[in-house]
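J.: Got a predicted structure plus its sequence, pasted below:
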Amino acid sequence: MPDLRDLARAHLELAREDPHGRSAHLVAHDGELRQTVIALRAGASLGEHNSPPAATLQVLRGRVRVLTGDRLLGEIGEGELWVLTHERHSVAAPEDAVFLLTTVTSVGTTAHE
C-alpha cells in the first residue's frame, strides 16, 4: 500500500515544477471507487467541473477552497474531511496543498460481499 505522506511530498514537488501547478496520482481503483492524491501549488486550481455521484476530499497538507461559481462553499484545512457538493465546483489552493480525493464513479452496482 502506498504511503500517503511520501506521495504528498513527491507530488507537491512535481506540482511546484508543473506549468499548471498540479500533480496527481491514482492510488486506489476498485470498481466504482477511486482514490487520487492531488497536489496544487499556491495559487493553482482545478477548474469548475461536474461532481461524481459521491466524493470526499481529505486535506493531507495545506488548505484548499471549494467554490461554486464565485461562492465559497468551504475552506478545508490539513486533516479535515469534506463531503463534496453535487453541484459543479472548483478547488483552489491559497497555499501549497495536497489532498486525497475519494470518488464513487457510478451507482447501482453491488458492493463487495
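T.: That came through fine.
J.: Okay, now the sheet partners of the helix or strand of the chain with the lowest mean pLDDT, with direction.
T.: When the helices and strands of the chain are scored by mean pLDDT, DSSP states H and E, strand 45-49 comes last with a mean of 93. Strand 45-49 has its sheet partners listed here by DSSP bridges as strand 89-92 (antiparallel).
J.: May I have the helix or strand just after the least confident helix or strand of the chain as PDB, with CA atoms only?
T.: For strand 45-49, the following helix or strand on the C-terminal side (DSSP states H and E) is strand 54-61. Taking Å, rounded to 0.1, in the frame of the first residue of the first chain, the C-alpha atoms of strand 54-61 are listed here in PDB:
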ATOM      1  CA  ALA A  54     -20.300  10.700  -4.400                       C
ATOM      2  CA  ALA A  55     -17.000  12.200  -3.400                       C
ATOM      3  CA  THR A  56     -14.900  13.400  -0.400                       C
ATOM      4  CA  LEU A  57     -11.800  15.500  -0.100                       C
ATOM      5  CA  GLN A  58      -9.400  15.000   2.800                       C
ATOM      6  CA  VAL A  59      -6.600  17.600   3.000                       C
ATOM      7  CA  LEU A  60      -3.200  16.000   3.800                       C
ATOM      8  CA  ARG A  61      -1.100  19.300   3.600                       C
END
